[in-house]
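K.L.:
Below are the sequence and a predicted model; questions follow.
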Amino acid sequence: MSKEIKSRQEDYSQWYNDLVIKGGLADHSAVRGCMVIKPHGFALWENMRDALDKMFKDTGHVNAYFPLFIPKSFLSKEAAHVEGFAKECAVVTHYRLKNDPNGGGVIVDPEAKLEEELIIRPTSETIIWSTYKDWIQSYRDLPLLINQWANVVRWEMRTRLFLRTAEFLWQEGHTAHATSEEAVEETVKMLDVYATFAEEFMALPVIKGVKTESERFAGAQDTYCIEALMQDGKALQAGTSHFLAQNFAKAFDVKFLNKENKLEYVWATSWGTSTRLIGALVMAHSDDDGLILPPKIAPLQVVIVPIYKGDEQKELIDAKAKEIMAHLKNLGVRVKYDNNENNRPGWKFAEYELKGVPVRMAIGARDLEKGVVEIARRDTKEKKAVKLDGIAQYIDGLLLDIQHDMFHKAKAYRDEHITKTDSWEEFEKLLDEKGGF
RNA sequence: CGGGACGUGGCGCAGCCCGGUAGCGUACUUGCAUGGGGUGCAAGGGGUCGCAAGUUCGAAUCUUGUCGUCCCGACCA
C-alpha cells in the first residue's frame, strides 16, 4: 500500500468523517452543504475557540451577541456590501405554519407573510452597526471592541466540507475607533492574533498579507489575511481582518463628538475566522492513518491502552494506569484511560491514531516487570520503551516536543514550496506541477 | 449556472448492459475461543433499491421527469 500523502481535498473525507457528518441533515435539500459536528470534532473546535477567545480578551475585547435575523433594508445600506453578499443569502418570508387543509402535514400560512423579509446573517456588520449608532455619541465611548461567536449562513453555489459550508461557526470582531490610524492598528493587531494562534496552537505557519481589490471584503477599504500552505500544495485562507474605514459609519450614520466638539464618523474594523480552521488542520497535518492534532488543541492529548491477559494482570495494570493518569491530570494533561473490554489493543491503537491523539501509552504485564511503558507519538509513529520513573514529566515534555516538531515540519514543507520566478510561463508551470507559493 | 459521475440495510459497495424470490463487506446481537497492531469460528436481526410517472404478466434493472450528493469549471469577505 502506498503511504504517499493524500494530495486532494476529497481524499481527506475519511478523516473528516471522524469529526463531522458531511452533507447535511437527513439528506434534505434545505440543509444541504451544512455539517453536523460530532462530539470529538466539537471538542476540538472548543479548544480552538477557547484559545482564540482568551487572546481576544487579552487584547481588550469583550463578547456580545447580536440577532440572527437582519431586516432586508439593513443590508441595502452599504452598496459594496450588498453587492458582495446579496447572491448568497437565505431569506425568511413568513412567520407561521398551518395545517394543510388538503391533509397531510403543514404548509406555510400565506396570511403570515412578513411585511419586510428577514435575512439570515451572512455576517453581522449591518445589524451591529445599526446598534452601534445608539451606543456611540462621544469620543469617550470609543474604542468599542466587541466580538461575537455565532453561526452564519451563506448560500454558496458549491459547498466544500469545512472550507465553505452553507452554515458555519465563526467569530466576528467589530470595532469602532476615533481615528483612522487606531483602526488600522487594530486591523493589523488582530491579524497578528490570528497568525500567532495559527502558529502557536495549530502548528501552522502562515504568511500575512493584504488582498487585492478584487478579493477584498465587500465594504472594506483594505482586507488583510493569513494564508497557510496545505499538503496538496494549495494555499488556504485561514483568517481575515478588515479595515472598514468610515464606510459602515456613513451607511449607518454613526457619528461621535470629538475632543474639539466636532461631529465625525467613526472608523471601523471587522475580523473573523471560522470552522474552516479545522479543515486547515486536517489538510496541513494529517496522514494516511488519520488526523494528527497538535497537542495544544487536541481534545485528548494522551490515551492509555492496557494490554493484559486475565483478571490478575488487569488489576495490576489498572492500578498503575490510574496512578499515571492522576499524575498527568495534575500536570494539566488531557488523558483518557481506555480499559473498555469490548475492543482489543490493536483496534484501539488504530482508532486513536485515526482521531489524532498525539501520544499513546501502552501498558502490558511484560512492561510492568521491566518498569517501563511503551510510548508512541502520533506525528512520527515512533515507539519506544520509557521508564515508569517520572513518566508524567516525560510525557508533558514530549507534548511540547510534538507541538514544536509539527510546526517545524509544516514550516519546512512550506519553505520548500516557495519558489521565485519572474516569468508568467514558468509561474503557471510551477503552480501546475509543484504548487506552493 | 455549464461539464461529468453517482443515489441499493447505520457506513462502504456489487447487482442494472441482457427485466423474473435483493446480495457482499463492515457495523450491530448471541455464544465459545482469543487478547503486545483494526481477532477467529458459529448462529442471528435489519433494506419503501432517492422520488414520481410510463413500458411490461412482472422493474433495483428499460424510458421520461424530478430531487439530492460528489468531482471539475464559473463563483467564493
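P.N.:
Structure received. Model, not experiment: these values are computed from the prediction.
K.L.:
where along the stretch 251-400 of chain A do the strands fall?
P.N.:
Taking DSSP state E, counting those that start in this stretch, the strands of the stretch 251-400 of chain A run over residues A:255-257, A:263-265, A:267-274, A:302-307, A:335-337, A:359-364, A:372-377, A:383-387.
K.L.:
tell me what the first one is packed against?
P.N.:
To tie it back to what came earlier, the one meant is strand A:255-257. Under the contact definition 3 or more Cβ pairs under 8 Å, 6 or more residues apart in numbering; DSSP states H and E, strand A:255-257 sits against strand A:263-265. For every residue, glycine as well, the C-beta is placed using N, CA and C.
K.L.:
Can you tell me the strand partners of the strand it packs on and which way each runs?
P.N.:
Next to strand A:263-265 in the sheet, as set by DSSP bridges, lie strand A:255-257 (antiparallel).
K.L.:
For the strand it pairs with, what does the pLDDT average out to?
P.N.:
Taken as a whole, strand A:255-257 has an average pLDDT of 97.
K.L.:
Of the strands of the stretch 251-400 of chain A, which is nearest A:T240?
P.N.:
Relative to A:T240, the nearest member of the strands of the stretch 251-400 of chain A by Cβ to Cβ is strand A:267-274, separated by 6.3 Å.
K.L.:
Name the residues of that closest one that are buried.
P.N.:
Using 16 or more other Cβ atoms under 10 Å as the burial criterion, the residues of strand A:267-274 that qualify are A:W267, A:A268, A:T269, A:S270, A:W271, A:G272, A:T273, A:S274.
K.L.:
Could I have the CA atoms of that strand written out in PDB?
P.N.:
Extracted as PDB, the C-alpha positions of strand A:267-274 are listed here (Å, rounded to 0.1, in the frame of the first residue of the first chain):
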ATOM      1  CA  TRP A 267     -13.600  54.400  11.900                       C
ATOM      2  CA  ALA A 268     -14.200  50.600  11.900                       C
ATOM      3  CA  THR A 269     -12.700  47.200  11.600                       C
ATOM      4  CA  SER A 270     -14.000  43.700  11.400                       C
ATOM      5  CA  TRP A 271     -12.200  40.400  11.600                       C
ATOM      6  CA  GLY A 272     -13.200  36.800  11.500                       C
ATOM      7  CA  THR A 273     -12.200  33.200  11.400                       C
ATOM      8  CA  SER A 274     -14.300  30.000  11.200                       C
END
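K.L.:
Pull the residues that contact that strand.
P.N.:
Contacting residues not belonging to strand A:267-274 are listed as A:52, A:123, A:125, A:129, A:168-180, A:182-183, A:186-187, A:190-191, A:194, A:217, A:220, A:238-249 [Cβ atoms under 8 Å, 6 or more residues apart in numbering].
K.L.:
From those, keep the buried residues only.
P.N.:
Among the contacts of strand A:267-274, those buried by neighbour count (16+ other Cβ under 10 Å) are A:52, A:123, A:125, A:129, A:168-178, A:182-183, A:186-187, A:190-191, A:194, A:217, A:220, A:238-249.
K.L.:
Quick check: helices, which of these are part of them?
P.N.:
Per DSSP state H, helices hold the following members of the buried ones among the contacts of strand A:267-274: A:52, A:125, A:129, A:182-183, A:186-187, A:190-191, A:194, A:247-249.
K.L.:
and which of the residues you listed is nearest to A:K370?
P.N.:
Ranked by distance to A:K370 (Cβ to Cβ), these are led by A:L52 at 43.7 Å.
K.L.:
Any chance of the buried residues of strand A:267-274 in a markdown table with distance to A:G436 and pLDDT as columns?
P.N.:
Compiled in a markdown table, the buried residues of strand A:267-274 are given as follows (distance: Cβ to Cβ, whole Å; pLDDT from 0 to 100):
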| residue | distance to A:G436 | pLDDT |
| --- | --- | --- |
| A:W267 | 37 | 97 |
| A:A268 | 35 | 97 |
| A:T269 | 31 | 97 |
| A:S270 | 30 | 96 |
| A:W271 | 26 | 96 |
| A:G272 | 26 | 95 |
| A:T273 | 23 | 94 |
| A:S274 | 24 | 92 |
